[in-house]
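Enquirer: here are the coordinates; sequence isn't available:
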DNA sequence: TTTAATATGTGACATACGTAACAAAAAATG
DNA sequence: CATTTTTTGTTACGTATGTCACATATTAAA
């Protein structure tokens, strides 16, 4: 099995490889990828080895071949449809985000309770949550981006799950409590900033001051 | 030492505790926190134990006390100033974000190359990057949120580091290559969506189809 | 064609991490 | 006041994760 930690590393390799490819390179080495990603060359080789990806004993790895293998894991061949719920500050930013296609994803619809949001021009159709089930069924959506205010996040998340959503990318700054089969990935700016400061050693707390 | 994984757990505890507190509870148990966070009760007790936090053998833990201890680690007593670079879609959303204060952080300024951005009404002053050093020095800023387009991310990040920034919360979908002493935390919506789908088993790749 | 150089692939090892088991303390009960 | 119940605190253990060392393949050079 492929662990969460390993998955994250593989994603990092992919980003690094895309960068190297853009620079015009055709092949690379565990050593170079280590430079790019900060991951040790041995671990990189081991990761590739586990996936059955093989390089040449002196010639390194083919970038294109590596990307193909990783694409088999992450980049879906069939486009995956996702929906966005909540068109506040963050939601509006995400609806105009342009990198979906690059990852073979497609934002098919957005939802908001505020009817005025439906008037404005967005690059995807905007509905109320009443239409969720319909969209989920029609576009075979299993993942939603949740960008509603904190106070309604749990309630909305429940509703999403009731209507067939199995994965949630949660931007609301709360811990969602959902059935075990539902996967939640949290993106919380404050939490990230805090951890950044924590590891920088910025801890002017009561005792130290 | 306190590891990255443990740090993430502690942050999760804090979120859960805030929720329980809001519900009016005064004390809690490793078992209840496990319910909230999905982390095993044994590990929760161990984490607390390592931090020197002690409960009562049958009465559980005081929520307020726990939060105080965690605040000593994460919630800085002295407000920490951060800056935001890039006022595109995501940057504009983050400048209007309201949770900074809650984490004892303060967004002191935003930066953008586009002069028209400086005309619009934002809740913080907007400068060009020429003024960065000035702001960094005046407000003792060490962490920046980077929300510029992909093509200028690396260049901008370099500039930030040259001007005293030691930690970057990077929203640009690229792997930044920076000196070892600089800490980078990436937030990449596509990467998160991909991992979510990966773990959901959504892998309609060439072989399987 | 031999030798040297370089980079992979992998098995052994060390460390980190989380789980399980259980003793000790505190509260509730009879 | 003794006993039972509950929940913590900690030690021992097993698994996962990453590093180290080195044999092996490939290319370049002499």
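Expert: Nice, thanks for sending it over. Predicted, not measured: the structure shown is a model, and the values here were computed from it.
Enquirer: Next up, the contacts around residue A:148.
Expert: When contacts are counted by C-beta atoms under 8 Å, 6 or more residues apart in numbering or on different chains, residue A:148 touches A:85, A:86, A:88, A:91, A:156, A:172. C-beta here means a position set from N, CA and C on the backbone, and glycine is covered the same way.
Enquirer: go with 7 Å
Expert: A:85, A:86, A:156, A:172 (C-beta atoms under 7 Å, 6 or more residues apart in numbering or on different chains).
Enquirer: What residues does the closest residue to residue A:166 other than its chain neighbours make contact with?
Expert: Using C-beta to C-beta, 6 or more residues apart in numbering or on different chains and skipping residues adjacent in sequence, the residue nearest residue A:166 is residue A:142, 4.7 Å away. Contacts for residue A:142 (C-beta under 7 Å, 6+ apart) come out as A:165, A:166, A:167, B:200, B:202.
Enquirer: what's the answer for residue A:133, then?
Expert: Here residue A:133 is in contact with A:163, A:164 (criterion: C-beta under 7 Å, 6+ apart).
Enquirer: Okay, buried residues for the helix or strand containing it please.
Expert: According to DSSP states H and E, residue A:133 maps onto helix A:132-139. Using 16 or more other C-beta atoms under 10 Å in any protein chain shown as the test for burial, helix A:132-139 gives A:132, A:135, A:136, A:139.
Enquirer: hang on, isn't the second one packed against residue A:111?
Expert: This means residue A:135. No. Residue A:135 lies out of contact with residue A:111 (C-beta atoms under 7 Å); the separation is 8.2 Å.
Enquirer: shared neighbours, the two?
Expert: Shared contacts of residue A:135 and residue A:111 (C-beta under 7 Å, 6+ apart): A:83, A:127.
Enquirer: hang on, the earlier thing: which of the contacts of residue A:142 lies closest to DNA strand D?
Expert: Closest approach to DNA strand D among the contacts of residue A:142 (C-beta to the nearest atom of the strand): residue B:200, at 18.4 Å.
Enquirer: Mark which of the contacts of residue A:148 are part of strands, please.
Expert: residue A:85 (DSSP state E).
Enquirer: Quick check: the farthest pair among the contacts of residue A:148?
Expert: Pairwise distances across the contacts of residue A:148 (C-beta to C-beta) peak at 10.0 Å, for the pair A:85 and A:172.
Enquirer: These two: who's more crowded?
Expert: For residue A:85 versus residue A:172, the count of surrounding residues by other C-beta atoms under 10 Å in any protein chain shown is larger for residue A:85: 27 against 24.
Enquirer: Is it correct that residue A:157 is in contact with residue A:166?
Expert: No. Using C-beta under 7 Å, residue A:157 makes no contact with residue A:166, being 12.0 Å away.
Enquirer: what about residue A:55, neighbour count?
Expert: 18.
Enquirer: swap in residue A:193?
Expert: By other C-beta under 10 Å, 22 other residues sit near residue A:193.
Enquirer: Can you give me the buried ones in the helix or strand where it lies?
Expert: For residue A:193, the element it lies in under DSSP H and E is helix A:189-200. Residues A:189, A:190, A:191, A:192, A:193, A:194, A:195, A:196, A:197, A:198, A:200 are the ones in helix A:189-200 that count as buried (16+ other C-beta under 10 Å).
Enquirer: Quick check: residue A:112 touching residue A:88?
Expert: No. Residue A:112 is beyond contact range of residue A:88, at 8.3 Å (criterion: C-beta under 7 Å).
Enquirer: where are the low-confidence patches of chain A?
Expert: Within chain A, the set of residues satisfying pLDDT under 70 comprises A:75-77, A:203-209.
Enquirer: Could you list the domains of it?
Expert: As given by automatic domain parsing, the domain ranges for chain A are A:4-72, A:80-192.
Enquirer: Quick check: which of these is nearest to DNA strand D?
Expert: That would be domain A:4-72 among the domains of chain A, by C-beta to the nearest atom of the strand, at 3.3 Å.
Enquirer: How about the residues of chain A by DNA strand D?
Expert: A:3-6, A:9, A:39-40, A:42-43, A:46, A:56-59 (C-beta under 7 Å from any atom of the strand).
Enquirer: which residues touch the most centrally placed residue in chain A?
Expert: In chain A, the C-alpha nearest the mean C-alpha coordinate belongs to residue A:169, at 7.5 Å (C-alpha atoms, centre = their mean). Contacts for residue A:169 (C-beta under 7 Å, 6+ apart) come out as A:145, A:146, A:185, A:187, B:192, B:193, B:196.
Enquirer: can I assume it sits in a strand?
Expert: Yes. Using DSSP: H, G, I helix; E, B strand; the rest coil, the assignment for residue A:169 is a strand.
Enquirer: Okay, and the beta partners of it?
Expert: Beta bridges link residue A:169 to residue A:145, residue A:185 when assigned by DSSP bridges.
Enquirer: Which residue, neighbours along the chain excluded, lies closest to residue A:192?
Expert: Nearest residue to residue A:192, sequence neighbours excluded (C-beta to C-beta, 6+ apart): residue B:185, at 5.0 Å.
Enquirer: Identify the residues contacting stretch A:73-82?
Expert: Contacts to stretch A:73-82, defined as C-beta under 7 Å, 6+ apart, come from residues A:10-11, A:14, A:103-108, A:139-141, A:143-145, B:193-194, B:197-198, B:202-206, B:209.
Enquirer: Can you flag the buried ones in these?
Expert: A:10-11, A:14, A:103-105, A:107-108, A:139, A:141, A:143-145, B:193-194, B:197-198, B:202-203.
Enquirer: Show me what the longest helix seen in chain A is packed up against.
Expert: Scanning chain A for the helix with the most residues, using DSSP state H, yields helix A:4-22. In terms of contacts (3 or more C-beta pairs under 7 Å, 6 or more residues apart in numbering or on different chains; DSSP states H and E), helix A:4-22 is packed against helix A:30-37, helix A:41-50, helix A:63-73, helix B:189-200.
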